[in-house]
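>>> Generate coordinates for the sequence data below:
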Amino acid sequence: MGPSGRVYRSTSLFCLKVGHEPRRSAIRLVEHPAFDPVILAFITANCCTLAWESPLDPCCTWKAGFIDVCEAVFLGIFTAELLVKVLAYGFAMHDGAYLRDAWCQLDFVVVTLAWLPKFVPEMGNTNAFRAIRALRPLRALKRVPGMPVLVKSITDALPRLMTVAALCGGVLLVFGIIGVELFKGTLH
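Below you'll find the predicted structure:
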């Protein structure tokens with residue numbers, strides 16, 4: 001068991017046990033107290049560059065070039081984080097694996113979709129995949145103390161909130177019908 005309370009089991013990538021060297025180093029890196037704050041700092045810096053970028057900026061300026069370099073650096077950092085965590089946790093085959101955690105699933109989708117336009121440039125419109133970058137700030141929610149509990153509470157309450165939303169929608173529908181019947185176009 002690591003200092004974070006995570007239990008490391010089974011093998012990673014079908015062959016690396018907990019005591020094998022590449023995995024042991026990956027576990028030490030992921031469990032290091034500075035790992036999450038450093039990743040959070042990179043997520044914050046990435047959010048700043050995303051906010052600084054504008055679709056109205058002209059092409060081929062120093063700002064556009066700087067943002068492109070920053071995007072490549074951030075993609076490399078987030079890919080390295082993904083790979084280290086996959087090496088430490090395992091990919092998907094056992095409890096506690098990388099893809100068994102909802103936050104890691106979000107990381108995996110964001111990083112994978114960021115690589116897709118680079119590997120398949122002839123896909124056509126890559127703006128939809130570039131828009132996925134806006135999900136990167138959501139990764140910071142996991143690292144804010146107490147936030148995972150708050151997000152879980154909200155998602156647990158959503159089914160009950162849907163009944164309240166349906167009731168409010170029904171009341172608005174009734175009053176809308178009453179308004180149409182009362183005024184019958186006299187306001188035009």
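>>> low pLDDT regions in this structure?
Counting by pLDDT under 70, the chain contains low-confidence ranges at 1-5, 123-130, 143, 188.
>>> tell me the helices in it, going along the chain?
Counting by DSSP state H, one finds helices in the chain at the ranges 21-31, 35-52, 62-89, 102-119, 127-131, 140-143, 147-183.
>>> ok, and the closest non-adjacent residue to Leu138?
The spatial neighbour of Leu138 that comes closest, neighbours along the chain excluded (CB to CB, 6 or more residues apart in numbering), is Leu106 at 6.2 Å. For every residue, glycine as well, the C-beta is placed using N, CA and C.
>>> Enumerate every residue touching the one you found.
When contacts are counted by CB atoms under 8 Å, 6 or more residues apart in numbering, Leu106 touches Leu135, Leu138, Arg139.
>>> Going by neighbour count, which of the residues you listed comes out on top?
The member of the contacts of Leu106 surrounded by the most neighbours (other CB atoms under 10 Å) is Arg139, with 22 neighbours in all.
>>> right, and that one touches Asn46 too?
No: using CB atoms under 8 Å as the test, Arg139 is too far from Asn46 to be in contact (9.2 Å).
>>> need the contact list for Leu13.
Contacts for Leu13 (CB under 8 Å, 6+ apart) come out as Val86, Leu87, Gly90, Phe91.
>>> Export these as JSON lines, with columns for neighbour count and distance to Tyr8.
Shown next, in JSON lines, are the contacts of Leu13 (neighbours: other CB atoms under 10 Å; distance: CB to CB, whole Å):
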{"residue": "Val86", "neighbour count": "19", "distance to Tyr8": "13"}
{"residue": "Leu87", "neighbour count": "21", "distance to Tyr8": "11"}
{"residue": "Gly90", "neighbour count": "25", "distance to Tyr8": "8"}
{"residue": "Phe91", "neighbour count": "16", "distance to Tyr8": "14"}
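>>> Present those as a markdown table; the columns should include distance to Asp156.
As requested, the contacts of Leu13 are exported to a markdown table (distance: CB to CB, whole Å):
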| residue | distance to Asp156 |
| --- | --- |
| Val86 | 29 |
| Leu87 | 32 |
| Gly90 | 27 |
| Phe91 | 28 |
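>>> out of those residues, which one sits closest to Val111?
When the contacts of Leu13 are compared for distance to Val111 (CB to CB), Val86 comes out closest, at 10.8 Å.
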